[in-house]
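Participant: A predicted structure for the sequence below; I have some questions about it.
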Amino acid sequence: MQAGFVIFNIDVTNPEDYNEYITKVKPIVEKFGGEYIVRGGTNQVVEGNWQYSRTIVLKFPSYEKALEWYNSEEYQPIKQIRLDNAISNGIIIQGA
């Protein structure tokens, strides 16, 4: 079974309220078997345009599990906190 990866490129617009998202999202990610591979961090754009300064990479046991997490009832109210306090691009992709 191939892993599923969730990648977000994020621009936090309201850091104070975004911190609530950071606190609440991790237990839900872990409930679905996910783990953080990258959570922010120093970076340098080496090609093209990388639109926002914060990048998140999550690894799930499978592509299906990543989709299950993203669409879960548990994640929806937490996702709304992120949507209200950041601009983001996201992708769920099957990986090795």
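Facilitator: Thanks, I have the structure now. Numbers count the residues shown, from 1 in each chain.

Participant: is it true that residue 53 touches residue 13?
Facilitator: No: Residue 53 is beyond contact range of residue 13, at 11.8 Å (criterion: C-beta atoms under 8 Å). Yep, even glycine has a C-beta here, placed from its N, CA and C like the rest.

Participant: between these two, what contacts are shared?
Facilitator: In terms of C-beta atoms under 8 Å, 6 or more residues apart in numbering, residue 53 and residue 13 are not both contacted by any residue.

Participant: Any figure for the gap between residue 10 and residue 62?
Facilitator: 24 Å (C-beta to C-beta, to the nearest Å).

Participant: neighbour-wise, which of those two wins?
Facilitator: residue 10 (21 against 14; other C-beta atoms under 10 Å).

Participant: Name the next helix or strand downstream of the helix or strand containing the more buried one, please.
Facilitator: Element membership of residue 10, judged by DSSP states H and E, is strand 4-12. Beyond strand 4-12 in the direction of the C-terminus, DSSP H and E gives the next helix or strand as helix 15-31.

Participant: Only the buried residues of that following helix, if you could.
Facilitator: Applying a neighbour-count criterion of 16 or more other C-beta atoms under 10 Å, one finds 18, 21, 25, 28, 29 buried in helix 15-31.
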